[in-house]
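> coords please:
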Amino acid sequence: MSEHPLSHAADEKLICVVLPRFNMNSLTTLIEPLRIANYISDKPLYEWQFLSPGGGNITASNGMTVECDDLRDIPHTATIILFGSWGAERNTDHHLISWLRQSARHGIRLIGVETGAYILARAGLLYGKQATTHWSLYPGFSETFADIEPSEQLYTMDKQIMTCAGGTATADLMLHLMQDQHSPDLASEVSSQMLHQSIRAPETLQRPIVNTGSGHVNPIILEVTRFLERHIEDHIPIPDLCRRTGVPQRKLERLFRRDLGCTIVQFYRQLKLQYARTLLVSTNMNIREISVACGFNSMSYFSHCFSKTFGRKPSLYRMSWPDDQPEPIWHGTMYSFIKKPQKDIA
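The predicted structure is shown next:
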């Protein structure tokens with residue numbers, strides 16, 4: 001990957017700090033708007049460089065590598081963008097955290113991408129601020145950092161400290177900053193060159209609550225699933241749910257069967273188990289605490305349901321990418337759940 005050594009030529013200087021198993025898509029999608037802006041402008045507007053604690057060739061989650069220098073002093077006008085992904089939610093590198101704190105004291109702008117937000121939070125740089133991370137880690141992030149205002153959106157703009165969910169949202173963040181730093185016309189042209197049809201606002205939701213693949217979901221189902229996701233730790237009886245929505249139980253069950261291929265109870269339980277899996281891999285909560293947080297009255301029933309759904313006991317699911325696996329495997333997603341007929345867990 002092309003690296004631009006920092007000089008005085010470009011207006012904006014970006015320091016991309018990558019950690020092992022980082023998401024290459026997030027990195028390249030962030031850099032591409034900068035490259036195009038340089039391509040269509042009269043002079044270089046952006047420069048970027050890759051750093052990592054200890055330096056060397058850092059391997060991304062897709063197996064590609066980026067050659068990095070070690071952490072060092074950087075210009076106070078630069079922007080640090082911290083890329084974390086698999087395993088970074090447990091990263092406690094004291095040298096990195098100290099370097100980030102020192103950079104913040106010097107007024108350097110910091111952006112945490114995906115689980116990079118975890119490390120900014122551990123450095124105390126997100127205290128009292130709005131922050132986001134990838135939606136799959138959002139439950140663990142909100143449980144771990146009670147002094148942060150979590151928001152499941154594409155990116156957050158909080159003066160010196162920003163966060164981004166990763167993926168294609170990194171392009172939106174860069175284009176948004178490009179509008180402010182240069183001009184809306186430049187950002188629009190870069191967006192067109194990328195075939196990125198519109199620049200999404202920071203508060204844009206990361207995902208639909210239900211994704212069937214076809215997109216044909218009754219609005220009643222959307223309303224109910226949103227409500228259930230807001231009440232993961234509760235036990236909502238189906239008759240109460242029907243009274244809240246004003247929809248007869250037989251009709252609601254029929255809609256769930258038709259659009260999602262499961263009963264309301266099965267869907268609600270799957271939501272709870274997905275939430276539990278995220279807490280297992282991204283927090284230090286014990287299994288009993290997690291079962292309670294996910295609305296299970298019995299820890300043994302929780303363990304039984306979890307094992308039947310994901311093929312492993314909760315105690316064996318504390319790492320999202322174990323060291324003995326050549327690549328991560330994340331079976332039992334909501335997509336796979338609604339794509340096959342469901343049987344009740346005995």
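> show me what contacts I108?
Counting by C-beta atoms under 8 Å, 6 or more residues apart in numbering, I108 touches 74, 76-80, 160. (Glycine included, C-beta is placed from N, CA and C.)
> farthest pair within these?
Pairwise distances across the contacts of I108 (C-beta to C-beta) peak at 14.7 Å, for the pair I74 and Q160.
> re the thing from before, nearest to F310, of the contacts of I108?
Distance to F310 across the contacts of I108 (C-beta to C-beta) is lowest for I80, with 36.2 Å.
> so how far is the longest helix seen in the chain off the chain centroid?
Across the chain, the longest stretch assigned as helix under DSSP state H is helix 264-282. Helix 264-282 has its C-alpha centroid displaced from the chain centroid by 17 Å (C-alpha atoms, centre = their mean, to the nearest Å).
> now stretch 18-31
On the basis of C-alpha atoms, centre = their mean, stretch 18-31 sits 13 Å off its chain's mean C-alpha point.
> which parts of it are buried?
Residues of stretch 18-31 classed as buried: 18-27, 29-31 (neighbour count, 16 or more other C-beta atoms under 10 Å).
> before we move on, what about stretch 85-95?
Buried, per 16+ other C-beta under 10 Å, within stretch 85-95: 85-89, 91, 93.
> quick one: end-to-end distance for it.
Using C-alpha to C-alpha, to the nearest Å, the end-to-end distance of stretch 85-95 comes to 19 Å.
> and for stretch 119-135?
The first residue of stretch 119-135 is 17 Å away from its last residue (C-alpha to C-alpha).
> quickly note the distance from the residue nearest to S85 when sequence neighbours are not counted to I238.
Excluding the flanking residues, the one nearest S85 by C-beta to C-beta, 6 or more residues apart in numbering is N23, at 4.3 Å. Using C-beta to C-beta, to the nearest Å, N23 is found at 39 Å from I238.
> likewise R101?
Applying C-beta to C-beta, the value for R101 to I238 is 50 Å.
> what's near enough to touch A187?
Listed by C-beta under 8 Å, 6+ apart, the contact set of A187 reads 33, 175-176, 178-179, 199.
> check the residues you listed and tell me the two furthest apart.
Farthest pair in the contacts of A187 (C-beta to C-beta) is P33 and Q179. Separation: 10.9 Å.
> between the two, who's got more neighbours?
Between P33 and Q179, counting by other C-beta atoms under 10 Å, P33 is the more crowded of the two (26 against 17).
> now the strands for the stretch 101-250 of the chain?
109-114, 130-131, 149-150, 155-158, 161-164 (DSSP state E, counting those that start in this stretch).
> kindly state the beta-bridge partners for T65.
Taking DSSP bridges as the rule, T65 bridges to T59.
> how about the contacts made by it?
Counting by C-beta under 8 Å, 6+ apart, T65 touches 57-59.
> hmm, T144 is touching L279, no?
No - the pair T144 / L279 is not scored as a contact, 9.1 Å apart, by C-beta atoms under 8 Å.
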